[in-house]
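[1] Sequence first, then the predicted structure:
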Amino acid sequence: MKAIIACLVFMLALPLAAAAADKSITLPADNQHARLEPGPHRDLTQTQCQVCHSTDYIVMQPRGDAKQWAGVVTKMIKVFGAPINEADAKAITEYLATAYGPAK
Ligand code: HEC
């Protein structure tokens, strides 16, 4: 029975997949909050930190020093299981403390 259902689902899905193949969508540009400030390790931060959520989370945070950002990065790794190695965590913290450091 299961096999028959799986087969039916597959047969129904096939034309849908074919129809979808020649369509393309253009996503709207990221809102301005989602654009990270330029600076060293920006791309690394963008890649690693938007695996689970948008970078809005970074941009909308109050500015903070290295200690504060290190706390955030450590929390993402230890509490939420972000797969970020030690070297990358250090680079990301440096970037955040510079690009989103205490207001001058
Ligand atoms: C493994 C998934 C994951 C990754 C990767 C991740 N985060 Fe998070 N992040 C979360 C979760 C879950 C929350 C809590 C969301 C909520 O409360 O709605 C969160 C929340 C946040 C917040 C909001 C404040 C807080 O402490 O809850 C900030 C800031 C943040 N993340 C920054 C980062 C940064 C910087 C990185 C890259 C180093 C990162 N996140 C990578 C899962 C992740």
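    Yep, that arrived. Numbering: from 1, shown residues only.

[2] number of nearby residues for Leu36?
    By other CB atoms under 10 Å, the residues close to Leu36 number 20. For glycine as for every other residue, the C-beta is placed from the backbone atoms N, C-alpha and C.

[3] likewise the one 4 residues further on?
    Pro40 sits with 12 neighbouring residues when counted by other CB under 10 Å.

[4] So the closest residue to it other than its chain neighbours: helix, strand or coil?
    Ranked by CB to CB, 6 or more residues apart in numbering and with sequence neighbours excluded, the top spatial neighbour of Pro40 is Tyr95, at 6.3 Å. Using DSSP: H, G, I helix; E, B strand; the rest coil, the secondary structure recorded for Tyr95 is helix.

[5] For Tyr95, which residues are in contact?
    By CB atoms under 8 Å, 6 or more residues apart in numbering, the residues touching Tyr95 are Gly39, Pro40, His41, Arg42, Leu44, Thr45.

[6] Out of these, flag the one nearest to the ligand.
    The closest of these to the ligand turns out to be Thr45 (CB to the nearest ligand atom; 6.4 Å).

[7] give the contact list for that closest one.
    Leu36, Thr55, Ile58, Ala91, Ile92, Tyr95, Leu96.
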